[in-house]
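A.B. asks: 3D, please:
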Amino acid sequence: MTVTAIDLVKEAKKTIKEVSVEQANEMIADGSTALDVREVAEHEAGHIPNSVHIARGVLEFQITDHEKFQDKDASIVIYCRSGGRSALAAVALEQLGYTNVCSMAGGYTLWSEKDQ
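C.D. replies: Alright, predicted model coming up:
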């Protein structure tokens, strides 16, 4: 049986913590780090203030060397455009030993539609 990217995202969402935009905003206000896993051009077009950008394609290679992510128990709110890449990124970070990660449902698209 062939698995699609959508199938991978659905499976990821069964195992990760997913939070709403409102919950994500509260977590970030309380000190969680916002992690943008979109591509460079997407990030440059707009992003959550003070977020850290590491594109999904290089996440596993760069996250452990980044100064913001040395504490594997620190709270991380991951987002992408709509929630698929961030769900996959949450699984990857959990596999790397990060214990307090979540994916923002609806991604930057939904975040940018809400009154901030």
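A.B. asks: okay, and the residue nearest the centre of the chain sits in which element?
C.D. replies: In the chain, the residue lying closest to the centroid (Cα atoms, centre = their mean) is residue 78, at 1.6 Å. According to DSSP states H and E, residue 78 maps onto strand 76-79.
A.B. asks: helices or strands next to that strand in the packing?
C.D. replies: Judged by 3 or more Cβ pairs under 8 Å, 6 or more residues apart in numbering; DSSP states H and E, the packing partners of strand 76-79 are helix 21-29, strand 33-36, helix 84-95, strand 101-104, helix 107-113. Every C-beta, even on glycine, is put in place using the N, C-alpha and C of the backbone.
A.B. asks: endpoint to endpoint, stretch 31-50 covers what distance?
C.D. replies: The first and last residues of stretch 31-50 sit 11 Å apart, counting by Cα to Cα, to the nearest Å.
A.B. asks: what sits up against that stretch?
C.D. replies: 24, 28, 51-57, 59, 68-69, 74-81, 85-86, 89, 108, 111-112 (Cβ atoms under 8 Å, 6 or more residues apart in numbering).
A.B. asks: all set now, cheers.
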